[in-house]
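*Asks:* Kindly generate the corresponding structure for this input.
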Amino acid sequence: MKKLFLFPYSLVRWLIITVIFLSLFLVFLIESPSVALALVDNQLKEQGIKYSSIEGGLLSGIRLKDVNYQEKIKLKELNLKVDWEKLEERILYIKHVTVEDIEIEREYLTSLIESNSSDENSSESNSTLPFDKIVLNRADISLKNIIYDAYKVNSAKLEIRDLTTDMKEEHKGDIKLTLDSNVTQLKLDGSIKNDFVKLLAKIEPNREFLNPFVVESNITLTNNPILTIKANGNMEKVKYHLNIHRLGLKQNEYQVDSKKLILFGNYNIPKKDVEATLKTELKGSMAYLKLDGDAKLNLDDLNNTLNYKLDTTINPKQSFLSQVLADQNVTFFESPTIKLKSFGNMKKLKYNLVLQQINLKQNEYSLQSDTVLLYGDYSVFDKSVVADIKTTIDSNVALVKLDGDTELDLDDLNNTLKFNLLANITPKKEFVESQIPDDNLSIESVADIDVVANGTLKDTKFKVDFRGLKGKREDIDFELQSLLLEGETDPLAGDTSVDISTNFDSTVGKGHIEDRVTLNFNRVESSLKHIGKIAIDANAKYLNRFLKAEKIVLKSSPKVRVELQGSTEKITIKLDGDADFTKENKPSKVTLQSRPIMLDLKNSMVDGSLKIKNSSNEIGFNLDSRFSGDYSKPEKLNIDTSVDIKSFNSFGVNLNPITPLKLKIKNSSSGALINLDSKRIRFLAKSPDHDRFSFDIKTRNLYLYKMIELPKELDHKFVKLNLKGSATLSKEHFKIKGTIDSNKRFQAKVDIKNDDSGIDGDIKTEYLLAKVKGNIKEKNLNAGVEISSLKKLQIELNKLYAFKKFDIDGSLKVDAKLKGEEIWAKVDSPKLALNGFDIEALGLDAHYNQELLTINKLNLQTTGFEDKKLNRKIYLNQPGKIYLGEKRTVLLDIYPNILVKADGTEENLDAKVKIDKLPLGHPDYGSMFLNCDIDYKQRGLDKSITGLIDIRKMKLFYEAKFLEADYDPDVVIVTKDDKEKKKGEEDSFLKHTAIDIKITAPQANYKTPDIDLIFDINLNAKKLLGEPLGILGKIEDINGRVDQVPKRFQVKNSNIVFTGDEKINPLLDINVEYELPQVLIQIGVGGNANRPKIGFSSEPPMPKKDIMSYLLLGVSATQIGEGEGSLGREAELFILNQAARDLAYEFELDRVFVKDDGTGEGFAIETGKKVSKKNMFIIESSKQGNSFILEHDVSKNIKLRVGQHQKEIPSQSADIYFRKRFR
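*Replies:* Residues are numbered from 1 along each chain as shown. Here you go, the predicted model:
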């Protein structure tokens, strides 16, 4: 930059020297014109000066054109005119001088500047000029294409007008300078009058030239700034005014533009006094800044003379703040305002800082404040600070009101800081609730928190007063009535003491906590000490609600008292508590006591004892436990506990059948012992090293149903144990041997062991033998189950638990083998006898390995069906393959005519089930021949099932045992709870399954002793994805009979129509006829299944009351009125036979039938039980006596009866019954 200022200086210097030189040259010509004119040309050439022409003379003025000095200095024209007569008055009077287009060669200019810069400090010339005054009317000097270093002057023009000087004190004149360069554009107007100077300059620096000087700071000028400088004054005082326009700076992504930048004032040169005023407005991508300031100072004594006044307003941009604070996840919703006012001097200044419109959010926390006020004093010399702060801050956490003040010395903060703080905090209810992990807990009100603190960094006193909190969890109301923390601390040294006191109350109980804590927070672990007391009084009224079911009533508030003291290394705890209550109006008292329990947290040691006593008859026990040792190693902890239970009948457990009980538990580093002794149970377990255990348990008959609630099937069932065993935990070895006995001589023998040789054991009952042998760790096991009789096994297990036995008998053997990940399984049975048929030669052989299940053998043969077509062999035509891995493949080819195929993956599967003329049947339900062709497709979650089910020769003869389905064990009742449990499955089924299956069954027959119907089934089950299942079609051409003993109804040409609705509610078209002598009653059932409509008609036509009378009693209402019918007789027989059906099933009888005894006044009751498939033994009872009858079914229509009658007149009989049924 030095060269930048040296260049114009040298330029002006040489211009002045040139002017003086020309003036002297003119004087010379005037004094010796002849010699000058003769010598000038030769002398100039000798000096290397050339010119194209010379014009004029000494009086008219001289003009030289195209002057060239050794190709180093060139000028287009030199014009000079001097008033020679004035020289006589010692006045150099130059009327005009013009030097046009001066050009200086670059290297020559560089050498001149460098040589002149070395002579800057040379002494001034003392030569005496031949004149006392200089008058210059006009001077015009211009330059062009001047280059020095990196600086280039494209053009420059200097104009001087009316310049007069005596070169001592009097000066007068005007100067104009215009400059065009790569550094700046300059226009300067100036005037001088004696010692008063007036100056106006307009400067436009070139940003391309200035940018390299600021590039290191990553700053770029966005345009060329314009500086306007005004100055006037003399050598004592100068008045200045600087105005900067169009200043634009950019650093990285930030940009600043000046809206206003003005500096003006006065400067006293001799005294170096400065007065300055600054007015600034800057706008940019970061903020808006407005600054107004005044200052007065003396440059030689800044510390004592500076006085200033400052007023600043800053508006940071919302986007800038959010970007800068993005890492902290802080977002501003509007631009805040910062106002700073300050005035004073170096000894003392006052400041007032105001933050306004703060509205921001960090993560889930928001904060708002209208005003934050910080004001005070500051001394630059002393570095002393006085500050006051006042603000109110609102947020979604709390409302905070803050008022504080402080005094400090920045050079000695530790010893000089003093402060006072008052804060009022109102927590927000919503925030407090959000910090509670329990969704069932709600906050009803939150009180204020008052904080008071004052002192120094060596002694600070504080007080935190929390006035209360109310909340609710379900039916529990609670209140933190007060929380007071009061103490003092040495922030520098860390020594702190706090007194904590709190009171709380709730629906459950109330209490009080007091604690005194002392610590040094620089070494908390080693310095923390505390002494505390906790008192809790439970609410008896509240607790009684939960004890009501157990008939327990607390008579007073249970009390718990805790005393504790210690440090982070050692704690002493003492517990006391008691409760008075009644159990079924019998008084009782529970007490809890402990001697001080010592906890050594550093060494993990404990030493103490605990006693609990209950003296009631319902719950009578004493517990006494002593413990000591290392609690981090429970196996080495010394424990000696004894529990004496005299009585216990509460909380759903009744131990009184086995009381008194004595339980002893001992533990130490040398082993453990558990001993339970009572009159019905003895249990002993011990271990010498906490790894090897042995146990022995012997009991008398334990009736568990007396002790705990069990299913009623277990009433009067007992269990009796006689087991011994041992275990080694580290090796996972165990051994159990003994017996488990129960009612009716049930006994299970258990003998299982697992040691280094592996596991070997069995469980044996009279009809069941289960064995296992192998190695568990190596996954090499062989297991088997042998059942000699399924029927007797059910009887045996019924001794333990009564359940419905299945009508099945036979032996069964199951063998399984595990080796690694492979599994082999076999099931064999020579014969299984079921109700009405047998399964013979049952055999299953399967193997599983690497997600492939192979069924090598599946054989069985059904025998014993009356319908010989149902006696079939079933076996695999080829081994079955089922892949259960990523690839899903199924192949099951079963004789007769069953083929199941599937191929694909878990989400993309195609399957097919094809069955051809497969005979199916059960003696209790019916028989049929099944044909089906079903296709299954799955694509992702969506599935489709389509195809045909065709049933031929279907015969159904299942008969409901009860009128009410709730009592029928063959009917599964789906409850609301069951529906809720399956709701998820049903939703998935509705959404992702499509069905289109046609179902046909021509000439199906439903036949029971009371019903014989023939009908055709033509239905279509259809369901689209996301929609419910609908059934469309008919059960049509229903014809047959329905008997309601002694009446027979004929069903003719009836239909049931399914419409495909979402809710399956078929339309009914049922026609029924009941024929009496001379009367035919017709019953029509219409409507739908949910709202059937019944209509009656007759031939001949009769009133409805007569029709109903005929249906119920067999005679018309008129005949009843005339005494021709027996209302009671018909009604009784009808009602009794309906009830008799349910009665027969209840007592497992095959027949209960009520009929007239032949006298017209009494009843005869037939009770029958089948002794074989075709033979039934019947007992008939009446007033006349009993009859014993054997009934044999000769065929479907013929029955033979042989009877022995023990009546008034004993007799025997043989009867043949023939019954022909017509369709």
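
*Asks:* So for residue 550, what's the pLDDT?
*Replies:* pLDDT recorded at residue 550 is 72.

*Asks:* Could you do residue 399 as well?
*Replies:* Residue 399 carries a pLDDT value of 91.

*Asks:* that's a strand at it, yeah?
*Replies:* Yes: the assignment for residue 399 by DSSP: H, G, I helix; E, B strand; the rest coil puts it in a strand.

*Asks:* and it, what is it in contact with?
*Replies:* Going by C-beta atoms under 8 Å, 6 or more residues apart in numbering, residue 399 touches 392, 393, 425, 426, 428. From N, CA and C alone the C-beta is placed, and that goes for glycine too.

*Asks:* Make sure the first one is actually in contact with residue 401.
*Replies:* Read it as residue 392. Yes: in this structure, residue 392 is within contact of residue 401 by C-beta atoms under 8 Å, at 5.1 Å.

*Asks:* Within the helices and strands, which one has residue 1140?
*Replies:* helix 1127-1146 (DSSP states H and E).

*Asks:* Grab the nearest non-local neighbour of residue 582.
*Replies:* residue 553 (5.0 Å; C-beta to C-beta, 6 or more residues apart in numbering).

*Asks:* wait, what's in contact with residue 1035?
*Replies:* Residue 1035 makes contact with 1015, 1016, 1017, 1018, 1019, 1055, 1056, according to C-beta under 8 Å, 6+ apart.

*Asks:* And the nearest residue to residue 863 once chain neighbours are set aside, how far from residue 871?
*Replies:* Leaving aside its chain neighbours, residue 863 sits nearest to residue 838 (4.8 Å; criterion: C-beta to C-beta, 6+ apart). Residue 838 sits 9 Å away from residue 871, going by C-beta to C-beta, to the nearest Å.

*Asks:* still on that earlier bit, which members of the contacts of residue 399 occur in strands, if any?
*Replies:* Among the contacts of residue 399, the residues falling in strands (DSSP state E) are 392, 393, 425, 426.

*Asks:* Now that we have those residues, which of them are buried?
*Replies:* Buried subset of the ones in strands among the contacts of residue 399 (neighbour count, 16 or more other C-beta atoms under 10 Å): 393, 425.

*Asks:* and residue 766, that's in a strand?
*Replies:* No: going by three-state DSSP, the assignment for residue 766 is coil, not a strand.

*Asks:* Grab the nearest non-local neighbour of it.
*Replies:* Excluding the flanking residues, the one nearest residue 766 by C-beta to C-beta, 6+ apart is residue 796, at 5.9 Å.

*Asks:* Show the backbone phi and psi for that neighbour.
*Replies:* phi -70, psi -50 (degrees, to the nearest 10).

*Asks:* My guess is it contacts residue 748. True?
*Replies:* No: the criterion here is C-beta under 8 Å, and residue 796 misses it with residue 748 at 9.6 Å.

*Asks:* Now list whatever residues contact both of these two.
*Replies:* Listed as contacting both residue 796 and residue 748 by C-beta under 8 Å, 6+ apart are residue 765.

*Asks:* Beyond the helix or strand hosting residue 1070, next helix or strand please.
*Replies:* Using DSSP H and E, residue 1070 maps to strand 1067-1076. Using DSSP H and E, the helix or strand that follows strand 1067-1076 in sequence is strand 1079-1087.

*Asks:* Which SSE is immediately downstream of that next one?
*Replies:* strand 1092-1099.

*Asks:* Describe which strands that following strand pairs with in its sheet and in which direction.
*Replies:* Counting by DSSP bridges, the strands paired with strand 1092-1099 are strand 1079-1087 (antiparallel).

*Asks:* any weak-confidence spans in the stretch 951-1100 of the chain?
*Replies:* Applying pLDDT under 70 to the stretch 951-1100 of the chain flags the ranges 959-989, 1045-1046.

*Asks:* residue ranges for the helices of it, please.
*Replies:* Counting by DSSP state H, counting those that start in this stretch, the stretch 951-1100 of the chain has helices at residues 976-981, 983-992.

*Asks:* And stretch 1039-1054, what's buried?
*Replies:* Neighbour-count burial for stretch 1039-1054, with 16+ other C-beta under 10 Å as criterion, is recorded at 1040, 1041, 1042, 1045, 1047, 1049, 1050, 1051, 1054.

*Asks:* Generate a markdown table for these, with distance to residue 174 as supplementary columns.
*Replies:* Shown next, in a markdown table, are the buried residues of stretch 1039-1054 (distance: C-beta to C-beta, whole Å):
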| residue | distance to residue 174 |
| --- | --- |
| 1040 | 139 |
| 1041 | 143 |
| 1042 | 139 |
| 1045 | 147 |
| 1047 | 146 |
| 1049 | 141 |
| 1050 | 143 |
| 1051 | 137 |
| 1054 | 133 |
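
*Asks:* Determine which two of the residues you listed are furthest apart.
*Replies:* By the measure C-beta to C-beta, 1045 and 1054 form the most distant pair in the buried residues of stretch 1039-1054, at 22.0 Å.

*Asks:* Residue 432 belongs to a helix?
*Replies:* Yes: assessed with three-state DSSP, residue 432 lies in a helix.

*Asks:* Quickly note the distance from the closest residue to residue 396 other than its chain neighbours to residue 359.
*Replies:* Of all residues not flanking residue 396 in the chain, residue 366 sits nearest, at 4.9 Å (C-beta to C-beta, 6+ apart). Using C-beta to C-beta, residue 366 is found at 8 Å from residue 359.

*Asks:* Also residue 685?
*Replies:* Using C-beta to C-beta, residue 685 is found at 70 Å from residue 359.
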